[in-house]
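> pasting the sequence and the predicted model now:
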Amino acid sequence: MLLQLRDYLAKEQYVSLEQLSRVFKIDKTALVPMLDVWVSRGVLHVDGVGEEKAVCATACGGCGGDAPKYYRYVAV
């Protein structure tokens, strides 16, 4: 599963945690520890609130939920 995640991210380059959850049919809470393995090895980088999400969070007063996580593949 770790290799499948890495390969998918290498192909897509930039993916949200929600998208990964849908594609792999795995709960987000189960995905995060697996993705953290690749983050710790320098293969992935976690992007929190980007410019487009900052606008989203202020445009409506905020949703009160956690900011979406995005994972970016870093060529090794």
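Alright, I've got the coordinates. Numbers count the residues shown, from 1 in each chain.
> got the contact list for Y14?
D47, Y70, Y71, R72, Y73 (Cβ atoms under 8 Å, 6 or more residues apart in numbering). To be clear about C-beta, it is placed using only N, CA and C from the backbone, and glycine gets the same treatment.
> 7 Å instead?
Y70, R72 (Cβ atoms under 7 Å, 6 or more residues apart in numbering).
> am I right that A30 is in a helix?
Yes - counting by DSSP: H, G, I helix; E, B strand; the rest coil, A30 is found in a helix.
> ok, it to Q13 distance?
23 Å (Cβ to Cβ, to the nearest Å).
> where does pLDDT dip in this structure?
49-66, 76 (pLDDT under 70).
> all helices of it, in order?
2-12, 17-24, 28-40, 51-59 (DSSP state H).
> what's the angle from the third one to helix 17-24?
Counting by axes from the mean of the first three to the mean of the last three Cα atoms, to 10 degrees, helix 28-40 points 110 degrees away from the direction of helix 17-24.
> C-alpha coordinates for helix 28-40, CSV please?
Output of helix 28-40 as CSV, limited to C-alpha atoms (Å, rounded to 0.1, in the frame of the first residue of the first chain):
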residue,chain,number,x,y,z
LYS,A,28,-8.4,9.5,6.1
THR,A,29,-7.3,8.7,9.7
ALA,A,30,-5.8,5.4,8.4
LEU,A,31,-4.0,7.1,5.4
VAL,A,32,-2.2,9.8,7.4
PRO,A,33,0.2,7.5,9.2
MET,A,34,1.1,5.8,5.9
LEU,A,35,1.6,9.2,4.2
ASP,A,36,3.7,10.3,7.1
VAL,A,37,6.2,7.6,6.3
TRP,A,38,6.9,9.2,2.9
VAL,A,39,6.9,12.7,4.4
SER,A,40,9.6,11.6,6.9
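> which elements pack onto that helix?
Counting contacts by 3 or more Cβ pairs under 7 Å, 6 or more residues apart in numbering; DSSP states H and E, helix 28-40 is packed against helix 2-12, helix 17-24, strand 44-47.
> out of the ones you listed, which gets nearest to V37?
helix 2-12 (6.1 Å; Cβ to Cβ).
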